[in-house]
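S.K.: give me the fold of what follows.
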Amino acid sequence: MASRRDLKKKINQFILADVIDECIYLEEQNPDLVERCDKIIDEAVGFYNAMMTKINQAKTKSDFREINEIFDARVDEFVDALNQINA
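M.R.: Sure thing, here's the model as predicted:
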């Protein structure tokens, strides 16, 4: 089981460092993508807030397992959205 701390670090790294940084980079390179990137950033921040709430409320191993599964599924969605913008 991932500890609460490790899970928070994993989510912070992905949302803050990977998704948002990539969107900001894309916006700087191509101003036409600002609207699409802002939408992804808004979704990422909303997802981040929801995950932090779930982590703080989690009590059992099954809760953390469920959070990990939700996170892994959404990672693929964010990566696909970024790939579509880059295409």
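S.K.: low-confidence regions, this structure specifically.
M.R.: 1-2 (pLDDT under 70).
S.K.: where is the longest helix in it?
M.R.: helix 61-86 (DSSP state H).
S.K.: for that one, enumerate the helices and strands it packs against.
M.R.: The contact analysis (3 or more Cβ pairs under 8 Å, 6 or more residues apart in numbering; DSSP states H and E) places helix 61-86 against helix 4-12, helix 21-29, helix 34-57. All C-beta spots, glycine's among them, are computed from the backbone N, C-alpha and C.
S.K.: what's the angle from the last one to helix 4-12?
M.R.: Relative orientation of helix 34-57 with respect to helix 4-12: 170 degrees, computed using axes from the mean of the first three to the mean of the last three Cα atoms, to 10 degrees.
S.K.: any buried residues in helix 34-57, and which?
M.R.: 36-37, 40-41, 43-44, 47-48, 51, 54-55 (16 or more other Cβ atoms under 10 Å).
S.K.: and those, which two are furthest apart?
M.R.: Greatest spatial distance in the buried residues of helix 34-57: Arg36 and Ile55, 28.7 Å, computed using Cβ to Cβ.
S.K.: if we can go back for a sec, can you point out the buried residues in the longest helix of the chain?
M.R.: 64, 67, 71, 74-75, 78, 81-82, 85.
S.K.: distance to Asn30 for those - can I get that in JSON lines?
M.R.: Listed next are the buried residues of helix 61-86 as JSON lines, based on distance: Cβ to Cβ, whole Å:
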{"residue": "Phe64", "distance to Asn30": "39"}
{"residue": "Ile67", "distance to Asn30": "34"}
{"residue": "Phe71", "distance to Asn30": "29"}
{"residue": "Arg74", "distance to Asn30": "25"}
{"residue": "Val75", "distance to Asn30": "24"}
{"residue": "Phe78", "distance to Asn30": "19"}
{"residue": "Ala81", "distance to Asn30": "15"}
{"residue": "Leu82", "distance to Asn30": "13"}
{"residue": "Ile85", "distance to Asn30": "9"}
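S.K.: ok, those residues vs Ser3, which is closest?
M.R.: Phe64 (8.4 Å).
S.K.: wait, doesn't that closest one sit right on Arg5?
M.R.: No: the pair Phe64 / Arg5 is not scored as a contact, 11.5 Å apart, by Cβ atoms under 8 Å.
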